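Trainee: Structure, please.
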Amino acid sequence: RDDNALSNLETIQSAVEHTPLSSNSVDLIVCLQAFHWFDAVRAIREFHRLLTKPNGVAVVAWNDRDLEVAWLQELESIIERYNPQYDRTMKLAEHVVQNGTLFEQSGHFKVDCVKQYPNPVKDMTKDSMLDLLWTYSYVRNASMGNNKRTAKMFQEEVKELLIRHHGED
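Mentor: Next up is the predicted model:
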């Protein structure tokens, strides 16, 4: 590993919709698992301001669950019950960026591709599924993640759901 490889890396703390970075100063913006937290129209405008013209690239991606699947609908209901601030539609790519058309409608971006890849969980165990759930910010929120009793109740409810739909293991 080259310890000097990142020596010129500079970080900032800023709202994505209005950064202190100079216009036309960024070649690549990568936004993974976060765009649903932004004001989409303002963030797209800021991406355009920051990116070098004409070849700057913005990549926006995240994992979505298929809400047509019955047990995932039940899981979403459990999450919404334990986190009243969560809404299952708030992070769906189709909803947030309208399958890319929101970028194109801004007049600043051409969407090269919108891809969906299956992300099956059928090979996961109950424990690995629970471990994955605890990585989601909307599961590890203040009302649940810091309250051991509530977290245990959530975990037990999810385990029951998984057993009901997928068996013991």
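Trainee: and residue 74, how many residues sit next to it?
Mentor: Per other Cβ atoms under 10 Å, the neighbour tally for residue 74 reads 16. All C-beta atoms are positioned from the backbone trio N, CA, C, and that covers glycine.
Trainee: er, residue 103 I mean
Mentor: Neighbours of residue 103 (other Cβ under 10 Å): 21.
Trainee: all strands for this structure, in order.
Mentor: Taking DSSP state E as the test, the strands found in the chain are 28-32, 57-61.
Trainee: what are the pairing partners of the last one, and which direction each?
Mentor: Taking DSSP bridges as the criterion, strand 57-61 sits next to strand 28-32 (parallel) in its sheet.
Trainee: Using PDB, write out every CA atom in the strand it pairs with.
Mentor: Extracted C-alpha coordinates of strand 28-32, given in PDB (Å, rounded to 0.1, in the frame of the first residue of the first chain):
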ATOM      1  CA  LEU A  28     -16.500  12.400 -11.100                       C
ATOM      2  CA  ILE A  29     -19.300  12.400  -8.500                       C
ATOM      3  CA  VAL A  30     -20.200   9.100  -7.000                       C
ATOM      4  CA  CYS A  31     -23.200   8.900  -4.800                       C
ATOM      5  CA  LEU A  32     -24.000   5.500  -3.300                       C
END
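Trainee: I am finished for the moment; much appreciated.
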